[in-house]
Structures are given as C-alpha cells and as structure tokens.
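1. curious how this folds, go ahead:
(2 chains)
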Amino acid sequence: NAGVMQNPRHLVRRRGQEARLRCSPVKGHSHVYWYRQLPEEGLKFMVYLQKENIIDESGMPKERFSAEFPKEGPSILRIQQVVRGDSAAYFCASSPKGETEAFFGQGTRLTVV
Amino acid sequence: SQQGEEDPQALSIQEGENATMNCSYKTSINNLQWYRQNSGRGLVHLILIRSNEREKHSGRLRVTLDTSKKSSSLLITASRAADTASYFCATTSGGGADGLTFGKGTHLIIQP
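-> Take a look at the predicted model:
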C-alpha cells in the first residue's frame, strides 16, 4: 500500500542552483497539492494540480517557482535560482478528488547554503 | 491566506487527561479536517467533518463544528504519550479550485 512518495527526503543546494522536488501520489489519485512549511509554522498552500492541469497556483511565488503534474510520471516542484529563504520543508499531498481526505508524503527538506 | 487558526498554540497536559484544541476560520466552508504531524514527519489525516454536521467521533477523538461561530474543536480523551504531536485544522471552501488551507497548529505535549 504505497502512500505518497516524495524524493529526495533531504536536498542541499547552493544559492543560484535549481531544486527539483518529486512527488508520486497514491496510485489512482489525480489531485496533487504542494505545501511549504517553515520551522514551527503551519503549512502554506502553494499549488493544486490535476493531471496535466494547474488548478490553483495562488500560493506559489510568481518567479522562480513552477509545478507540473504530467500525464505520466510524478509531480515536480521546481525552484530556480534558489535563495536562502527557500529553505523549508516541502510537502506533497494527494487525494482521489477535491475536498476529501488528503494523504501526505514525508516531505523534502530543502536547505540552501 | 491563512484560514484556520488553532488555539492554543501549545498545550501541555498529564497522560490520561483530556486535551481540547480549538480552530477558528473566516469564510464559509464545505468541510473541516483535523490532521496530526509528528516532529519532522508528514501530516496524517484524523477526521473530516462536513459543514452540515455538528459532531463526529473516531475512537478517542471527538470533533465539533459550529458554523455560526465559524469554529471547531478537537477533543482527545484519555491522552497518551504517543499523542504528543502538532495538530492542524484545515478547511475547504468549495468550488473545487482551492487546496486545503491550514492553520499554524497546536503543539500538544503529553507528560508521562
């Protein structure tokens, strides 16, 4: 019973490099959500995707950040030219349809040095 | 924008006691969900209550929803050390276009 799989679990990038975070949803789930969490804080919504479509990206910075959920393969959150402030835990969640229980991955902890 | 706000921010009780956490939100909702997060881990779904429901039970968990006050409470009875975690409420507002909106959470510590 594979849940949401995120990789890598930890990622270290130097300022200016690109970070690629991967999320494989629960099999059969077509809704994927990305969240960012700073230490001691709650989760901040970033983007909501269905297969091949971005439904809501209102929480995602307009520059340097992009997300995709292709027909085949995992969802990717891409951060270009990373800065120290991008250091955080990034969580992916999936659900079979909107507004139902979401299943979370273990997160990717990004550290920008 | 942040929708749910949990209260208190932190709560420390003795094992065996009951723990109550509250959540307030601003706009109308379709449903409200409670999640638990153990340190450094992903979130685990606990319970979902729909806007037309007032109370729901699941094991030692009891959730209430008061849509007139835009608030919810999570009660954990007979707490155990393993209940130590952060608890978040999350709402969905309908329309299918938005993701779950989380509060900052209540950090619960159960003293053995």
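
2. for A:His29, grab phi and psi.
-> With angles defined as degrees, to the nearest 10, A:His29 sits at phi -80, psi 130.

3. from what I can see it touches A:Cys92, true?
-> No: contact between A:His29 and A:Cys92 fails when scored by CB atoms under 8 Å: they sit 10.8 Å apart. Heads up, the C-betas are built off the backbone N, CA and C, glycines and all.

4. get me the contact residues on chain A for chain B.
-> Counting by CB under 8 Å from any CB of the partner chain, chain A comes close to chain B at A:4, A:33, A:35, A:41-45, A:47-48, A:55-56, A:58-59, A:89, A:91, A:93, A:98-107.

5. that older thread, of A:His29 and A:Cys92, who's got more company?
-> A:Cys92 (29 against 19; other CB atoms under 10 Å in any protein chain shown).

6. if the more buried one is in a bridge, with which residues?
-> For A:Cys92, the beta-bridge partners under DSSP bridges are A:Trp34.

7. check what pLDDT it gets.
-> We have a pLDDT of 95 for A:Cys92.

8. chain B: strands as residue ranges?
-> With DSSP state E, the ranges of strands along chain B come out as B:5-7, B:10-14, B:19-24, B:31-37, B:43-50, B:55-58, B:61-66, B:71-76, B:85-92, B:101-102, B:106-111.

9. low-scoring stretches of the chain, by residue?
-> As the question left the chain open, I've gone with chain A. Applying pLDDT under 70 to chain A picks out residues A:1-2, A:98-99.

10. oops, chain B please
-> B:1-4, B:94-99.

11. let's see that with 90 instead.
-> When residues are selected by pLDDT under 90, those of chain B lie in B:1-7, B:9, B:26-30, B:39-42, B:91-105, B:112.

12. surely A:Gln6 and A:Pro25 touch.
-> No: contact criterion CB under 8 Å: A:Gln6 and A:Pro25 do not qualify, at 10.1 Å.

13. joint contacts of these two?
-> Common neighbours of A:Gln6 and A:Pro25, counting by CB atoms under 8 Å, 6 or more residues apart in numbering or on different chains, are A:Cys92.
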